[in-house]
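A.B. asks: Sequence first, predicted coordinates after that:
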Amino acid sequence: MALKAEAQAATAAHISQDAPRVSIVMPAYNEEAVIGRVLDELQDAGYHELIVVDDGSLDNTRQVAEAHGARVVRHPYNIGNGAAVKSGIRAATGDIIVLMDADGQHSPQDIPRLLAHIGDYDMVVGARTGSSQASFQRSLANRVFNAYASYIVGRPIPDLTSGFRVVKAPILKHFVYLLPNGYSYPSTITISMFRSGYRVRYEPIVSPPRVGVSKVRPLRDGLRFLLTITRLGTMFTPLKVFLPVSLAFLTVGIGYGAYLLIFWSRFSNMAVLLIIVGVLVFLVGLIAEQIALLRMAYTSMPD
């Protein structure tokens, strides 16, 4: 029995040593009211490291995070949520990186459920269900973003803007240069992963209400989300952006020209201009598609 117990202990130690190291990265800005509770829950789980990026907070976020055992990376002034995430990714030393918010919207209890799938997938995203707290306007905007991004990547995306995700560290570090400094970094990671052929899974979660007021500005940040999705679309699949624009110009030009010929027995310079613009947009999209394919072929990707 003693030998069996020793063998089991040795096996457990071997598994523990071979288990991937998990780094938790949390961007934080004025979150002193809740970050201590979140860190206490994470400390109990025994992860490799807890990194809090204090993005120029005006309160005691840094002091509270340090008091609860986190490694704090501090920005001297507020740069942006995405910039804080990038700093945390660069500082992480684990094999797997968990990105989560410090405002209590992401439950540490959901992390093991996401980590359970990381062997078969390169990124696992906590997808908020319909029961999660969100205003009607924000829910509607998220549906628009999800539909647009799904069209770009050719796969259904149930939650594009979720900041709660588990990613293999080498892959995430490879894409860090693409991430913007604002709140649209989740969409950038998602589209980059899908278009680069990595395996992505969405795991349903319930997001509790945050503590305090959201720092997302719907109009400004919503436009940035749309611009980011369009920018990534032109980077990875340009024809999906250029082709609809080209078809719109061609349809209007041909339709207008046909109307004039049939009912007025004449043609218009405007119809010719619309048709020419449609053709030029298509050709530009075709060239951009070839450039995107060449870039993907010559860009080294981590295994």
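C.D. replies: Looks like it arrived, so ask away.

A.B. asks: what's in contact with stretch 72-83?
C.D. replies: 27, 29, 51-57, 62, 65-66, 84, 87-88, 91, 163, 179-185, 188, 215 (C-beta atoms under 8 Å, 6 or more residues apart in numbering). For the C-beta atoms, the positions are set from N, CA and C on the backbone; glycine is no exception.

A.B. asks: Find the nearest non-adjacent residue to Ser57, please.
C.D. replies: Leaving out its chain neighbours, the residue that sits closest to Ser57 by C-beta to C-beta, 6 or more residues apart in numbering is Asn30, at 4.9 Å.

A.B. asks: can you confirm that neighbour is in a helix?
C.D. replies: No - under DSSP: H, G, I helix; E, B strand; the rest coil, Asn30 falls outside any helix and is assigned coil.

A.B. asks: contacting residues around it?
C.D. replies: Asn30 touches 57-59, 61, 212, counting by C-beta under 8 Å, 6+ apart.

A.B. asks: Kindly indicate the member of those residues with the most neighbours.
C.D. replies: In terms of neighbours by other C-beta atoms under 10 Å, the contacts of Asn30 top out with Thr61 at 25 neighbours.

A.B. asks: Which parts of the stretch 201-303 of the chain are helices?
C.D. replies: Using DSSP state H, counting those that start in this stretch, the helices found in the stretch 201-303 of the chain span residues 218-236, 238-264, 269-298.

A.B. asks: Which positions in the first one come out as buried?
C.D. replies: Of the residues in helix 218-236, those buried under the neighbour-count criterion (16 or more other C-beta atoms under 10 Å) are 221-222, 224-225, 228-229, 231-236.

A.B. asks: Stretch 101-109 too?
C.D. replies: For stretch 101-109, the neighbour count (16+ other C-beta under 10 Å) marks 101-108 as buried.

A.B. asks: Looking at these, spot the one nearest Leu280.
C.D. replies: Checking the buried residues of stretch 101-109 against Leu280 by C-beta to C-beta gives Asp101 as the nearest, at 44.1 Å.

A.B. asks: Which pLDDT does the model give the closest one?
C.D. replies: Note for Asp101: predicted pLDDT of 91.

A.B. asks: how close does it get to Ser207?
C.D. replies: 9 Å (C-beta to C-beta, to the nearest Å).

A.B. asks: anything in contact with each of those two?
C.D. replies: Residues touching both Asp101 and Ser207 (C-beta under 8 Å, 6+ apart) are Phe164.

A.B. asks: Fine, thanks again, bye for now.
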